[in-house]
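J.: what shape does this take:
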Amino acid sequence: MQVSQGWPTWTLAQCLKTLEKLGTEALDVYNIPSHHWVQVDASWPHSVSTDTYLLFHCHNVKCLDLDKELAAVMRKNTHLRTNMPGDRSSV
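T.: Next up is the predicted model:
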């Protein structure tokens with residue numbers, strides 16, 4: 001993704017090549033804090049940063065092992081300096 005004029009917000013409508021590939025299907029975006037999928041329009045503004053994940057999928061599409069994939073994306077890396085107990089438990 002390239003930095004756009006509206007940074008730190010981004011809309012899928014700004015990425016025309018992606019919209020062409022996805023077509024006109026309704027899209028869901030994963031709401032990380034509430035852990036559920038929300039249907040959005042391509043013009044919906046998403047707040048982004050350098051460590052942001054935007055997870056999209058087509059509405060009514062079932063993904064194999066989705067929970068496993070989401071867990072891998074949401075897993076926080078442990079670091080000795082900031083998370084001594086987490087670092088020890090991961091060893």
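J.: OK, contacts around the residue nearest to the spatial centre of the chain?
T.: Closest to where the C-alpha atoms of the chain average out (CA atoms, centre = their mean) is residue 54, at 2.1 Å. Going by CB atoms under 8 Å, 6 or more residues apart in numbering, residue 54 touches 10, 29, 46, 48. For every residue, glycine as well, the C-beta is placed using N, CA and C.
J.: what's the closest non-adjacent residue to the second one?
T.: Spelled out, that is residue 29. Spatial nearest neighbour of residue 29, chain neighbours left out: residue 40 (5.0 Å); criterion: CB to CB, 6 or more residues apart in numbering.
J.: I figured the one you found hits residue 27, correct?
T.: Yes - using CB atoms under 8 Å, residue 40 is in contact with residue 27, at 6.0 Å.
J.: and for these two, which residues touch both?
T.: Joint contacts of residue 40 and residue 27 (CB under 8 Å, 6+ apart) are residue 12.
J.: the two: who's more crowded?
T.: Neighbour tally, residue 40 and residue 27, criterion other CB atoms under 10 Å: the higher count belongs to residue 27, 21 against 18.
J.: contacts only, for the more buried one.
T.: Going by CB under 8 Å, 6+ apart, residue 27 touches 12, 39, 40, 42, 56, 57, 58, 59.
J.: repeat for residue 31
T.: Here residue 31 is in contact with 37, 38 (CB under 8 Å, 6+ apart).
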